[in-house]
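Colleague: build the 3D model from these lines:
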Amino acid sequence: MRNIPRIKPIPVVSWLAAISTIALTIFFFPNAFGQSYSNFTSREAGLNTPLLNVTYTTSISISSCSTLDTPGATYNLTASITNSATSYCINISTNNITLDCGGNTIDGNDVATYGIWTTNTSAKNFGNVTIQNCKLTDWKNAAIYLAAMDNSTLRWLNVSSSATNGIRVINSNNTIIEHIRTEYSSGSRGIDMAVSNNFLLNNITSYGNGADGIRIAGTSGAAGNSQGRVINSTILYNGGRGLRLDTLFNVYINNLNSSHNALAGVDFISADGSVLINSTINHNLREGIAGSFGADKINISNNRIENNSWAGISHQPTFGFRNAFIYNNFFNNSVNVNVSNVGAAGTATAYNFTKVNGTRVYGAGALLGGNYWANWTGGGQGFSQTCADANFDGFCDTAYTLNINGTITTADYLPYSDNYDKGLPSFVEIPATLANSSNISSITTYFNITAFDLTTNISTCFLSLQVPGAAWATNFTMTNDNRGMNVTCNYTSASFNPSFQGAFFWKFWANDSSSNHNETSLLGGVFDSKAPTPMNYTTLTPDNASSISSTSIVVNVTSSDGSGTGVANLTFTLTNITGTDMTELNRTFIYGFYNYSLNFTSLASGTYLFNVTATDYAGNKNTTERRTVTIAAGTSISISSCTTLDSSDATYNLTSSITDSATSYCINISANNVTLDCGGNTIDGNDIADWGIWTNRSAAGEFTNITIQNCKITDWDTEGIYLGNAHNNTLRWLNVSSNPDQGISATNSNNSRYEHLDVSVNSLRGIRINTASNNVFSNITTNGNGADGFYLAGASGRLATYNIMTNITAIGNLQRGIRIDTANSNTLNNATIYYNSIGLSLIVADFNVVVNSTIYGTYGGGGGSGGIQMAFGDDSNNISNNAIVNTTLHGIILESSANTKNIISNNFFNNTRNFNITFFGTGTSFNTTQQNGTRIYSAGTQIGGNFWANWTGNNDFSKDCADADWDGFCDANYTLNGTGSVKVADYLPYSDEYDKGVPSFVEIPATIGNASNVSSTTAFFNITAFDATTDISTCFLSIQNPSGISLSNVTMTKNLVSTNVTCNYTNSFNPLQQGAFLWKFLANDSSNNWNQTSLFSGVFDSIAPFVDYYSSTPANASTSTGSILMNATSNDGSGTGIANLTFTLTNITGTDMTELNRTFIYGFHNYSLNFTSLASGTYLFNVTATDFAGNKNTTERRTTSISTAPPAQTSGETI
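Modeller: Numbers count the residues shown, from 1 in each chain. Predicted coordinates for the structure are as follows:
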């Protein structure tokens, strides 16, 4: 007889009153080999009963400071707590607690000590605390204090304005802190963690704190905080160190940006065995990286360490770094290394590694070794930029010696150089006139190219082509138009088969009379001669011949183009009964499956016809059925005079113009969710009445959701339109002009859209936006106003932030075209600013971006007239990719010594006087580091400084300067002499001389793609290698199999002896060794020039994933009521990961109800799907897991019966 556990029944009423949610979870624990035990009973554990784990979850709402003392409960903060005087406001006094603030704020009064407090003061094993979705402000000691609470999680938090620390964590192991912003903790640190092992800090932003951004510390004399990770985090503008690691070991730091801090960006203080990689350490006021008191066995590699004031890296007493490897970093500082102690005898730090293949953090070269040493203040005079490299191997011929304090010497014995020769002969450039990613619908296609050579004639052009459904056809000879050095070649292909739609590929080849050979990269397009598949209306669309009461018609459709070019656009057509056409074209698409809706609003009663046409990128079209729908009268209100709009959720239609009105607040919008549609009519004042359209809310602000459209607003004394403390609004298709003061004014009005506006010829400003954030301005014209055209302004303590301004036109305004004042982190893109007194002003404006704009032809006198004015302290702005042309006095004006850390690069200056600098702050630069990019003007593949022209032809620096090596940069700096002793320079000014004749190369594209998933034990590796002058000698493959066994430089099979060869190799995978593998290709030519690809990666996975039911899934042959909840757990071990789970439910009649879950979690996957509202009957169900290599596994198929009759109420024993 089985031993059956007895569970005491819980009375139903008291049970429901006690808890909100009960979750029953049955766990099957996998063994060490990843297998799951089914039928796991207590007999195998030495007991006689099954293992059953029952978890009770209590949900409790709170709205004020509270003690959280119910184990296992979730506490939900339902309202913000403001200006609290209660210390320990949220006191978590037990374990297994979740606090979810739901986005609400816990705010102190700057005197109360702790916002959230949790500490283990007993001998019990407290922990497992989760704190999430909270904002915390104004706490004296710490916003959050976590002590002796293991296995806890802090996430999705915004912590600000603490008087001491933002977050303080002590003696709490296995802590996860992620998605956190902690800022302005004035007295100390953003995050302070002590003696807590196995931590994870992920996606942390620590900004503007009084001391360190993040400090992680152990205890004196013993290492704490071991095995931790700090990843994907940003630490900026803190008063101490960015990241401080103190008395700990084995901390892994990856993808960190620690910049603009008052002390070191990263400080290792006895932090042994730690790793810092792939990080940016810039503009710190002391050193970028510091090591002191014997930081042992540190790995610092693949980082960019630039523009730090005192040093890039420093070894501080006692012993600095010991046994450290510091290699493959980019150092670009005025002092790159300050060595006061490199270590005790025999423990010196190495600044280079043995030469190995790899990708350099900066500069050309196929091998890694030491570091790149630049000096941003020296105009290209850093060691790596000037050293000799006689053999062009990318390494300096001499070591880079670091001598400090006389007797202390260390060196980088493999410093990188700027000289690297890829051993590539002459080049044939072959731009394709049939562009890459072309879409074609005709079965006949014309391929044309232009090929040219710098020295000899082009002999032959070739085309290789693979069309859908066919193999590669190689080396078709193309027709040449002449026998010169510059020829046009063409070829006509009629080989496209309409039965085979989809992608096709091609590339062009050419050789010259000296047998130099070259080819383009692989190009691709899509052949698509079929219209998109028939579109379907979704359930949101009215049925044919239906009647609706709304004044709008929502038309929602789905469309796809199969293997074709993809849906380019949808045209929605609506026609009313009188035949008036209302057509809108949606130009935004999602490639492949397409689902889009368009809402025709403010429609009068009547009968309408509508349909939708889909057009793919090859021009093929398909159209839905045409439907009829009748609109009955809805909530639409007609007005014809000055009115208060006080009905929510209404559309007010202005049916006639209002002229010469003497009524201030003519249209007063007092309700929310209102649309005012003027229908093109005018709201005109008498030049004395104050406001044409007015809405104003309390200082706290409201989400008003007001739309104002299709209006002409004229002759209002104060503003044509005023918005006060009103958020989430839309202003569009408006003409606001001839107002005696301002056209449009908005104060403290956020999250709004302003689009398609003409705000011109107003006596003061066109548009003024005050202390507003997160607004979008697009397609706005503001011309001929009496002061500024567009004025974005903040105030002290209340900045205008995160606004986006796109396609702004400001012409002929008497003061500034655009003024950005006391405003941070805004973006101005694609502005057209002509003939204003000053084109653009940045005044007390930080972290703004000005790009892709044209500033032309300013007018007026005095020193202030210019294209761009920067005044009264602008910090960290990015002004790039702009054209500043033909200004009356100066292209750019810098008027304050507080203008610091601005980047002014890749601009086209073409003025009689390009600059006027009266004051110049530290850190502002007229060039970036030399790097690949698209120039705004002049030829060249790299960007750096600016192009300096003079439209009069005099002092035309970029056109007149010497460029001996034809690299597109002037050989000399462009010095900008300011007032008195003020001097600055563009260290990388552009020249108009650039030689496109790049040298020879060996190109090795891999035909097995990077990130491939392989399920076959046999994998074929193929490459094409070619050389412009000599034969390819050998191709090699280096591969590391999942077993960890590496095969280095295995010789591949070559198809012929030629300058262009195909090489292949067959690799066999061991089915017992699943997981990631790595490979790269190498080749050399007969002159022994070498090249290699970057490192590729893939996953070998031939084993199906594990999948099983868990938790509340009905047992086989069970009975359910109304719904079936399927819970599945799945993992793929070391394989490619779970791609999707397919949940299949079939009722007794055979009808299939299948849903595919497209979202997955790599590795362990836990997902549920609830089939609801099921009729009575018997159902079959199962779950299939598919990994990314295509392997599948399916659970057993279970049967369950649905009974919708209410169950009989019973009591007694539960088995």
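
Colleague: rest of the way, CA atoms for contacts and neighbours
Modeller: Will do.

Colleague: what's the burial count for D965?
Modeller: 12 (other Cα atoms under 10 Å).

Colleague: ugh, wrong one, S464
Modeller: Neighbour number of S464 under other Cα under 10 Å is 16.

Colleague: surely it and A510 touch.
Modeller: No. Counting by Cα atoms under 8 Å, S464 stays clear of A510, with 11.4 Å between them.

Colleague: any chance of the backbone angles for T386?
Modeller: Here is the backbone geometry of T386 (degrees, to the nearest 10): phi -120, psi -10.

Colleague: quick one, what contacts it?
Modeller: 380, 417-418 (Cα atoms under 8 Å, 6 or more residues apart in numbering).

Colleague: neighbour-wise, which of these leads?
Modeller: Counting by other Cα under 10 Å, top hit in the contacts of T386: S417 with 26 neighbours.

Colleague: what is the neighbour count of the nearest residue in space to N681 that is not next to it in sequence?
Modeller: Take N681 and drop its neighbours on the chain: the residue closest to it by Cα to Cα, 6 or more residues apart in numbering is S657, 4.8 Å away. Neighbour count for S657, taken as other Cα under 10 Å: 18.

Colleague: is it true that S657 touches D677?
Modeller: No. Look at S657 against D677 with Cα under 8 Å: they stay out of range, at 11.9 Å.

Colleague: gap between the residue nearest the centre of the chain and E178?
Modeller: Centroid check for the chain by Cα atoms, centre = their mean gives N232 as the closest residue, at 12.2 Å. The gap separating N232 from E178 is 10 Å, by Cα to Cα, to the nearest Å.

Colleague: which neighbours do those two share?
Modeller: Common neighbours of N232 and E178 (Cα under 8 Å, 6+ apart) are 202-204.

Colleague: just name the closest of the residues you listed to I1103, please.
Modeller: Top of the list for closeness to I1103, among those and by Cα to Cα, is N202 at 32.4 Å.

Colleague: which residues touch the closest one?
Modeller: 177-179, 229-233.

Colleague: that one - nearest residue in space that isn't next to it in sequence?
Modeller: E178 (4.5 Å).

Colleague: please identify which helix or strand holds the one you found.
Modeller: For E178, the host element (DSSP states H and E) is strand 176-183.

Colleague: contacts for that strand next, please.
Modeller: With Cα under 8 Å, 6+ apart, strand 176-183 has contacts from 151-161, 166-167, 190-191, 199-209.

Colleague: my guess is L99 contacts N128, does it?
Modeller: No. Contact between L99 and N128 fails when scored by Cα under 8 Å: they sit 11.4 Å apart.

Colleague: more neighbours, those two?
Modeller: L99 (24 against 18).

Colleague: what about that one, distance to T137?
Modeller: Taken as Cα to Cα, the span from L99 to T137 is 17 Å.

Colleague: same question, T615
Modeller: 52 Å.

Colleague: run through the bridge partners of the residue nearest to N202.
Modeller: Taking DSSP bridges as the rule, E178 bridges to R155, N202.

Colleague: what do you get for S160?
Modeller: Going by DSSP bridges, S160 forms beta bridges with T137, E183.

Colleague: spell out the residue ranges of the helices in the chain.
Modeller: 12-18, 383-386, 957-960 (DSSP state H).

Colleague: lowest-confidence stretch among these?
Modeller: The stretch with the lowest mean pLDDT among the helices of the chain is helix 12-18, at a mean of 29.

Colleague: what are the structural domain limits within the protein?
Modeller: 12-53, 57-188, 438-527, 536-631, 1012-1100, 1107-1202 (automatic domain parsing).

Colleague: mean confidence score for the fifth one?
Modeller: By that I understand domain 1012-1100. 71.

Colleague: can you check the last one too?
Modeller: Within the predicted structure, the mean pLDDT of domain 1107-1202 is 74.

Colleague: what about that domain, distance to the chain center?
Modeller: 34 Å (Cα atoms, centre = their mean, to the nearest Å).

Colleague: could you measure from N785 over to G766?
Modeller: In terms of Cα to Cα, N785 sits 6 Å off from G766.

Colleague: what does S958 give?
Modeller: 38 Å.

Colleague: just N881 next, same as before
Modeller: Counting by Cα to Cα, the gap from N881 to G766 is 26 Å.

Colleague: who has more neighbours, those two?
Modeller: G766 (35 against 23).

Colleague: the more buried one against G743, yeah?
Modeller: Yes. Using Cα under 8 Å, G766 is in contact with G743, at 4.9 Å.

Colleague: joint contacts of these two?
Modeller: 759-760.

Colleague: and the pLDDT for R2?
Modeller: Note on R2: pLDDT of 33.

Colleague: oh, that last question was meant for P999, not what I typed.
Modeller: On the pLDDT scale, P999 gets 37.

Colleague: then the one 10 residues further on?
Modeller: pLDDT, the model's per-residue confidence, is 58 for G1009.

Colleague: N681 - how many residues pack around it?
Modeller: 18.

Colleague: could you do G1137 as well?
Modeller: Neighbours of G1137 (other Cα under 10 Å): 23.

Colleague: right, and it touches N1191 too?
Modeller: No. Contact between G1137 and N1191 fails when scored by Cα under 8 Å: they sit 10.3 Å apart.

Colleague: leaving out chain neighbours, which residue sits closest to G891?
Modeller: Using Cα to Cα, 6+ apart, the closest residue to G891 is N914 (4.3 Å).

Colleague: my guess is N950 meets D956, correct?
Modeller: Yes. Using Cα under 8 Å, N950 is in contact with D956, at 5.0 Å.
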